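>>> Predicted coordinates and the sequence they were generated for:
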Amino acid sequence: MQTTLKLSEISINDKGLFDEYFKRTDLQTSEMSFTNFYIWRDYYKIKFSLINDFLCIIASVEDNPFCFFPVGDYSNTEDLKNAIFAIRDYFYNRNKDFMICRVSEMQISVLEDLGIRFIAEEDRNNFDYIYSVQKLSTLSGKKLDGKRNHINKFKKLHTFKYEEISDENISSCIDILEKWSVQRNYKEEESLIAERKANLDLLDNYNFLRVKGALIKVDGKPEAFTVGEKLNSNTVVIHAEKANAEINGLYPLVNQQFLANHWKGIEYVNREQDLGIEGLRKAKLSYNPITILEKFTVRLC
């Protein structure tokens, strides 16, 4: 069994390995899927290693490396502790600060049980927004009146057709993504360049990744698409949602239709973080989350 960190770059063929480890923990944090790590592999320079039967994932932004909390059977406390120390040594040997990022409250509890001294700092910009699938698929209740009204106004002005993403229409999704990117002058901002590439990788590998998606045609023209997948036993995560922002009510419609058509048997939907963007935070809060999943940055003492 490997006890030192020997990093490998992530490839599409690692999906089975990642899926196996994520099933062991049933994590609800949005990052914890193979799809997420794969499509963002270039931007975050994702690498991984197996240590003591724990999946250890390293990332780096602007030459500032960090790791995710090891993924595996958390009842194997000694193996987990040794895995954490092995990652720590990897960072220390390279004169880098050792940080564990996007750590959930559940993982904080696991760390406390290990008896390791640490400091945890809230990472508000990466908190996940968790919603009821039933509520967002029906938009029931007074708190979602505004969303229902937007959709009703949309339906008075437009006709729409809902289609599952398939080999026949996935090129339309790529066209929507390209228009979305160009409208935002994506070439002038590194994060938008990365987002465009991540979404292209998602669509180019749609079948292999075994995700689900929907295309919305408005008045006969493709105008929006969304892609998600089952994150754990009771939660779906939305990886992408792109629409023509000039069509009022289209974003609420895409969200509602996708959940109503694909995910009725799932209890929760994770619509990821707001990244500290004020408008995005306001929009996510307006959908009335049932909880906001806290995450932390951890440093060992």
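Nice, I can see it. Numbers count the residues shown, from 1 in each chain.
>>> Work out the sheet partners of the biggest strand by length in the chain and label each with its direction, please.
Criterion DSSP state E: the longest strand present in the chain is strand 221-232. Paired with strand 221-232 in the same sheet, following DSSP bridges, are strand 212-218 (antiparallel), strand 235-243 (antiparallel).
>>> Go through that strand and flag the buried ones.
Neighbour counts using 16 or more other C-beta atoms under 10 Å place 222-232 of strand 221-232 among the buried residues. For glycine as for every other residue, the C-beta is placed from the backbone atoms N, C-alpha and C.
>>> Assign I130 to helix, strand or coil.
strand (DSSP: H, G, I helix; E, B strand; the rest coil).
>>> Over to the nearest residue to it once chain neighbours are set aside: give its phi and psi.
What sits nearest to I130 in space, not counting adjacent residues and going by C-beta to C-beta, 6 or more residues apart in numbering, is T291, at 4.8 Å. Main-chain dihedrals, T291, degrees, to the nearest 10: phi -160, psi 160.
>>> Can you tell me how far T291 is from S104?
According to C-beta to C-beta, to the nearest Å, T291 and S104 sit 12 Å apart.
>>> Tell me which of the two has more neighbours.
Neighbour count, other C-beta atoms under 10 Å: between T291 and S104, S104 has more, with 20 against 13.
>>> what pLDDT does M1 get?
Note on M1: pLDDT of 57.
>>> Same question for K6.
At K6, the predicted lDDT confidence score is 88.
>>> That one contacts F48, correct?
No - the criterion here is C-beta atoms under 8 Å, and K6 misses it with F48 at 9.9 Å.
>>> Between those two, which has more neighbouring residues?
Counted by other C-beta under 10 Å, K6 and F48 do not tie: F48 has more neighbours, with 24 against 11.
>>> Please enumerate the helices of the stretch 51-200 of the chain.
Using DSSP state H, counting those that start in this stretch, the helices of the stretch 51-200 of the chain run over residues 77-92, 105-114, 133-138, 145-157, 170-183, 190-204.
>>> For E163, find the nearest of those.
helix 170-183 (8.8 Å; C-beta to C-beta).
>>> Please report how far the closest residue to N125 other than its chain neighbours lies from R24.
Spatial nearest neighbour of N125, chain neighbours left out: G276 (3.6 Å); criterion: C-beta to C-beta, 6+ apart. Distance, G276 to R24, by C-beta to C-beta: 31 Å.
>>> which of these two has more neighbours?
Using other C-beta under 10 Å, the more surrounded residue of G276 and R24 is R24, with 15 against 11.
>>> quick one: that one from K47, how far?
21 Å.
>>> And K212, by the same measure?
28 Å.
>>> same question, K155
Distance from K155 to K47, by C-beta to C-beta: 47 Å.
>>> picking up where we left off before, export the helices of the stretch 51-200 of the chain to a markdown table and append columns for mean neighbour count, distance to T35 and mean pLDDT.
Listed next are the helices of the stretch 51-200 of the chain as a markdown table, based on neighbours: other C-beta atoms under 10 Å; distance: least, C-beta to C-beta, whole Å; pLDDT from 0 to 100:
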| stretch | mean neighbour count | distance to T35 | mean pLDDT |
| --- | --- | --- | --- |
| helix 77-92 | 18 | 23 | 95 |
| helix 105-114 | 16 | 20 | 96 |
| helix 133-138 | 19 | 19 | 96 |
| helix 145-157 | 14 | 27 | 96 |
| helix 170-183 | 16 | 15 | 97 |
| helix 190-204 | 17 | 7 | 96 |
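>>> give me every residue that touches the residue nearest the centre of the chain.
What sits nearest the mean C-alpha location of the chain, by C-alpha atoms, centre = their mean, is S30, with 3.9 Å. Contacts for S30 (C-beta atoms under 8 Å, 6 or more residues apart in numbering) come out as 36, 128, 231, 237, 270, 272-273.
>>> and what of K155?
G249.
>>> I'd like to know how far it sits from N149.
Taking C-beta to C-beta, one finds K155 at 11 Å from N149.
>>> got it, and K295?
33 Å.
>>> for L200, same thing?
Distance from L200 to N149, counting by C-beta to C-beta: 34 Å.
>>> ok, now P70?
46 Å.
>>> Same question for I58.
46 Å.
>>> Same check on E168?
From E168 across to N149, the span is 34 Å (C-beta to C-beta).
>>> now S132
20 Å.
>>> Over to V269?
21 Å.
>>> How about P289?
For P289, the distance to N149 equals 20 Å [C-beta to C-beta].
>>> what pLDDT, on average, does stretch 46-62 get?
95.
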